[in-house]
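Engineer: here's my sequence, what's the structure:
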Amino acid sequence: METHTLQDEAYATVVVGGSAGGIATAIRAAREGTSTLLVTYNERLGGMMAGGLSYTDTLVMKPRAPILDEFFEAVREHYETTYGRDSTQYEYCEDGYIFEPHVAEETFETLVADEDDLTVVRGYYPTSVERTNETVKSVTFESFETHHSVTVEGSVFVEATYEGDLMATIGSSYRVGRESRSAYDEQFAGRIFTGIRGDRYYPREAVGHADDTAPMDRRGPLHVAEEKRQGTLDLVPHPAGLTEIFPGSDGSGDDAIQAYNYRLCLSRDPENRRLPERPANYDREEFVEELPAVIESGLRSYLTLRYLPNDKADMNAADLPGQNYDYPEGSWETRKAIAERHREYALGLLYFLQNDDAVPEDIRADARRWGLPTDEFVDNDNFPWQFYVREARRLDGRYTFSESDARLAPGLDRAPVHGDAIAYAEYPLDSHACREVRRTGGEPEGFFYASQVTRPSQIPYRALLPREVNNLLVPVPLSSTHVGYGTIRLEPTWMHIGEAAGYAAVLADETDVAPASLDVSALQRRLAAAGLSLSFFNDVNAEADEEWAPAVQYLATKGFFESYDVRPTDPLERSVATEWIDTATKLVSGASFDPTDRAKAVNTSSSDPPLTHQEFAELLRERVGADVKSEGEGDEAISRGEACRLIYAAVA
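Structural biologist: Residues are numbered from 1 along each chain as shown. All right, here's what the predicted structure looks like:
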């Protein structure tokens, strides 16, 4: 681990936050030749992705963004090279999507070490800024250890902390808490009581409840049947039950935020585990009332243990709803106390289950099989160094991503289309509990999993832009409602958005304009050409080696597709061609239009005959004024992919 000393210097791009999203931003900016500084709070890199969250929260099992894909490939290669392709370790890594914490950390360290234009400085936080009107000139950082202060100048600053500390220091508007249901017309907003139809959170088969030796696949049981796919979407079905909203859900807004916890990594290898000791402030009464739930569901289901390579498991339990409200705006002393409370609670829960006489002996014996892995977090008493800050401050930016952005748009078989989209999200809208109170038979207040209504969504570039300053990008605590944040706040999604933000910083440096003034169309073309997905598709991924591939990503943000299917090899229907060319005409003329409305106008159910290559090229010349040449024979039917390529060239 290489350590640099922070000095009074100037960089083109300054990224604050060693989260996975911040790392992706910094790597991309540096890889494109921009002098980049990454300032982290921790001595370790990767945030939750290396600091405890070993189970990748994504439903996408195909390429979507290069640096994210590099990470998965490096993890996959590690387990194949170290243990062999026929090993259980390789099987449990599930193509690189599941990993031990130290493997993730080593992967991030290798990624940043390969970048000559990237400087990583650890253990500093922002304390003040120099700002001239809408431009941030410099940020002053202070060392956690020595309290030494350093001022760094930059052209572009990037907020990549979970807490939103940089944007708060700069003076950007932000939100903390929950919007009311009426604020953005969100079904799941505000005060809400829910229950789960089906097994709570994850089906028991997915946590090895029935068969302790079976691989615990992230999709539930291995080899998910085709009929269990999420509708017709090319996504791994999410194993959460369906949320049912209970009476008493008045939708009122408040300052409540969803619960935090530590995602513990546990080991059941007798040679690589140690049982936790009794915490200093242990109170068994906190855990006694949980016994019925433990007995009913079984230990592994209750702790939500999901297997990792090398006889380890990811534990997602020990939430403390309501005990984190002071964290987002709290001092570092306040934050430390809250984190320590959660640490002792997690260890106390394990200690209780392993030692208390009230716990049935079979459950105690089962619990004692699990301990802290002695080969993980070796400099932190084998305990995760990253506190799981699921939600803190959220930017109040130039666009607010809300629940409706991740649901079907009226009249479409897809979510709304954003003309400035730079990435996508796909995880179910969700929130952990915000308060302990609950209705009979339900979850604690604030908990919901809206997997039944969530659809892949486009992330607008405007959601990364503060309203008060022009040279700050916010790819992590970006502008969204509490509900909307649920589909965004996943590490793979943040890496996807973060890499797009890195390209934005590079383009700002190359064109000498602030990120808020960028030509978004030029940014989108840069992203599409580099293999970043701007929109989710069932039948196209970011690595499609076809000339039309960048075109369909770009045109997906302009309303060319009414669903998640491109069907690039299908013949282009005449009625669809008419609407596509109409939209292309608007793009060339600079006319404003709603891309969602344009998508609604596309009717693929028509049975009219397809256009030929020659006919389509003539229409483009006549309507758009572009002299383009198709690669096919003139009298042959033109494919939808080829038509997209020609339009893409015509509107450049």
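
Engineer: switch to C-alpha atoms for all contacts and neighbour counts from now on
Structural biologist: Will do.

Engineer: mind listing the strands for the stretch 551-652 of the chain?
Structural biologist: Ranges of strands within the stretch 551-652 of the chain: none, based on DSSP state E, counting those that start in this stretch.

Engineer: residue 186: how many residues sit nearby?
Structural biologist: 18 (other Cα atoms under 10 Å).

Engineer: you'd agree it is in a helix?
Structural biologist: No: membership of residue 186 in a helix is not supported by DSSP: H, G, I helix; E, B strand; the rest coil, which gives coil.

Engineer: against residue 180, how distant is it?
Structural biologist: Look at residue 186 and residue 180: by Cα to Cα, to the nearest Å, they are 8 Å apart.

Engineer: over to residue 575?
Structural biologist: For residue 575, the distance to residue 180 - Cα to Cα - is 42 Å.

Engineer: residue 254 now?
Structural biologist: 8 Å.

Engineer: phi and psi next, for residue 480.
Structural biologist: Main-chain torsions, residue 480, degrees, to the nearest 10: phi -160, psi 160.

Engineer: wait, I meant residue 288
Structural biologist: The phi/psi pair for residue 288 (degrees, to the nearest 10) is phi -60, psi -40.

Engineer: burial measure for it, as a count.
Structural biologist: Quick note: residue 288 (other Cα under 10 Å) scores 15 neighbours.

Engineer: mind listing what it touches?
Structural biologist: By Cα atoms under 8 Å, 6 or more residues apart in numbering, the contact set of residue 288 is residue 358.

Engineer: cool, and residue 435?
Structural biologist: 256, 321-322, 444-446.

Engineer: if you set the cut-off to 7 Å instead, what comes out?
Structural biologist: Contacts for residue 435 (Cα atoms under 7 Å, 6 or more residues apart in numbering) come out as 321-322, 444-446.

Engineer: roughly how far does it sit from residue 173?
Structural biologist: Taking Cα to Cα, one finds residue 435 at 26 Å from residue 173.

Engineer: what does residue 482 give?
Structural biologist: Taking Cα to Cα, one finds residue 482 at 15 Å from residue 173.

Engineer: reformat the contacts of residue 435 as a markdown table; add pLDDT, distance to residue 247 and secondary structure.
Structural biologist: Output for the contacts of residue 435, formatted as a markdown table (pLDDT from 0 to 100; distance: Cα to Cα, whole Å; DSSP: H, G, I helix; E, B strand; the rest coil):
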| residue | pLDDT | distance to residue 247 | secondary structure |
| --- | --- | --- | --- |
| 321 | 98 | 20 | coil |
| 322 | 98 | 21 | coil |
| 444 | 96 | 13 | strand |
| 445 | 98 | 12 | coil |
| 446 | 97 | 13 | coil |
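
Engineer: any weak-confidence spans in this structure?
Structural biologist: Filtered on pLDDT under 70, the chain yields the residue ranges 1-4, 197-231, 239-242.

Engineer: repeat the analysis, applying 80 as the threshold.
Structural biologist: Within the chain, the ranges that satisfy pLDDT under 80 run 1-5, 8, 196-232, 238-242, 603-607, 627-634.

Engineer: for it, which helix is longest?
Structural biologist: For the chain, the helix that runs over the most residues, judged by DSSP state H, is helix 332-355.

Engineer: tell me what that one is packed against?
Structural biologist: helix 361-368 (3 or more Cα pairs under 7 Å, 6 or more residues apart in numbering; DSSP states H and E).

Engineer: so where do the strands sit in the stretch 1-150 of the chain?
Structural biologist: Using DSSP E, counting those that start in this stretch, strands in the stretch 1-150 of the chain cover 10-16, 36-40, 118-122, 124-132, 135-143, 149-159.
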